[in-house]
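[1] Dropping a prediction and its sequence here:
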Amino acid sequence: MLNPLTSLTTSHCSMPYCARHVLPATRKDRQLQLQRLIEAINGVPHAPCLRVPFDLQFLIRAIRYELGDNGLDSAGVDVGRIQALMAAYSSNRTDWAQYAWFDKYRYTRNLVDDGNGQFNLLILAWGPNHHSAIHDHSHSHCIMKVLDGSLVESQYYWPENTTQEERGRIAFSENEHYTSSKADGKITTVSSCSSGTQRPLRLKQERTYRTDEVTYIHDKIGLHRVGNPSTTLSAVSLHLYTPPIRACRSFNETTGKARSSSCQTFYSQYGVRTSCLSD
Ligand SMILES: N[C@@H](CS(=O)O)C(=O)O
Ligand SMILES: [Fe+2]
């Protein structure tokens, strides 16, 4: 694979990411190279040439390069590096406007890249006051970057009655069903499921993220909900899920009860409106 990162360099660059240098042959060396790149992006003073703006397509190439064929759970790939890459991208509306389809009634999920099955890169478009339900992430790592406007993330502890094992698993018990959907976004199965006794969910933390800020959530951290607090302005965010979310559960804030969620639907794919949505 060609190193997508070389295009960040300029001709007077003296760093080893320069186009004049050969991409290291081994995965270990490539990872070291990427690590250096990210340190440079994060402000190491000797790499001024790396602070060249890059576009969304470049970011996608860099994520593919970083995740390789194995996704984020493979050895040697870490969330911090992907977060740094996403943070280094400066949001530019012309890069992502084609993917930001808005719906009057709810936030939309728009597929930008399927990462050869290893990850999903989505753009979410939030109208004023739109928000997600409190939900888990089905074992996936989720890195979110705000591209426009502001979003509030409220994190919750798992319901007190769920065991460590239950928090880590998404597979429902045999007589429960969960939402699944095909690539066309059509929901194929929906049914509710419960999770033990009824107690309100406890808020862990709440934070507002502004344009270009990045955050990370995983089932190990807890549950969350995201919302656009503005009553007048829309918001747009970029979400990387690795591995892709197959199903997720939403939770009632008052009772802590879980039910299946249509987490996997796409409002558009690759900039084209999905026609078969059940909306
Ligand atoms: N995880 C949510 C969006 S957010 O609220 O994090 C989704 O994929 O729909
Ligand atoms: Fe989420």
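    Thanks, I have the structure now. Ligands and ions are numbered 1, 2, ... in the order given.

[2] Now do the closest residue to ligand 1 within the stretch 151-279 of the chain, the pLDDT please.
    Residue of the stretch 151-279 of the chain nearest ligand 1, by Cβ to the nearest ligand atom: V226 (3.4 Å). C-beta coordinates here come from the backbone N, C-alpha and C atoms, glycine included. At V226, the model reports a pLDDT of 98.

[3] next one: P16
    Looking at P16, its pLDDT reads 32.

[4] same check, this time on S194
    Confidence score, pLDDT, at S194: 46.

[5] Then T232?
    Looking at T232, its pLDDT reads 98.

[6] Tell me how far the closest residue in space to it that isn't next to it in sequence lies from V79.
    Nearest non-adjacent residue to T232, counting by Cβ to Cβ, 6 or more residues apart in numbering: P128, 5.7 Å away. P128 sits 31 Å away from V79, going by Cβ to Cβ, to the nearest Å.

[7] Contact partners for F102?
    T108, A125, G127, S234 (Cβ atoms under 8 Å, 6 or more residues apart in numbering).

[8] Does it lie in a helix or a strand, and which?
    Under DSSP states H and E, no helix or strand contains F102.

[9] Okay, now the sheet partners of whichever strand or helix holds S154, with direction.
    Taking DSSP H and E as the definition, S154 sits inside strand 150-156. Here strand 150-156 is paired, per DSSP bridges, with strand 203-210 (antiparallel), strand 223-227 (antiparallel).

[10] next helix or strand past the first one?
    Past strand 203-210, further along toward the C-terminus, the next helix or strand under DSSP H and E is strand 214-217.

[11] what's the neighbour count on the nearest residue to Q205 once chain neighbours are set aside?
    Spatial nearest neighbour of Q205, excluding adjacent residues (Cβ to Cβ, 6+ apart): Q155 at 5.1 Å. Q155: 17 surrounding residues under other Cβ atoms under 10 Å.

[12] residues touching Q155, list them.
    Residues counted as contacts of Q155 (Cβ under 8 Å, 6+ apart) are L203, K204, Q205, E206, I217, I221, G222, L223, H224.

[13] is it true that the second one touches Y157?
    Yes: here K204 lies in contact with Y157, judged by Cβ atoms under 8 Å, at a distance of 5.3 Å.

[14] okay, and the common contacts of these two?
    G222.

[15] surely G271 meets A97?
    No: using Cβ under 8 Å, G271 is not in contact with A97; the gap is 9.4 Å.

[16] Surely P159 touches G256?
    Yes: P159 lies in contact with G256 (Cβ under 8 Å); the separation is 3.7 Å.

[17] Could you list every helix and strand in contact with the one helix or strand M144 maps to?
    In this assignment (DSSP H and E), M144 forms part of strand 141-148. Counting contacts by 3 or more Cβ pairs under 8 Å, 6 or more residues apart in numbering; DSSP states H and E, strand 141-148 packs against helix 79-88, helix 93-96, strand 203-210, strand 214-217, strand 235-242.

[18] can you list the residues that contact it?
    Applying Cβ under 8 Å, 6+ apart, the contact partners of strand 141-148 are 72, 79, 82-83, 86-87, 89, 91, 93, 96, 100, 123, 151, 153, 209-218, 226, 234-242, 245.

[19] Out of these, which end up buried?
    For the contacts of strand 141-148, a neighbour count by 16 or more other Cβ atoms under 10 Å gives the buried set as 72, 82-83, 86-87, 89, 91, 96, 100, 123, 151, 153, 209, 211, 213-215, 217, 226, 234-242, 245.

[20] thinking again about what came up before, which of the strands paired with strand 150-156 is buried the deepest?
    Mean neighbour count (mean count of other Cβ atoms under 10 Å) peaks for strand 223-227 among the strands paired with strand 150-156, with a mean of 22.
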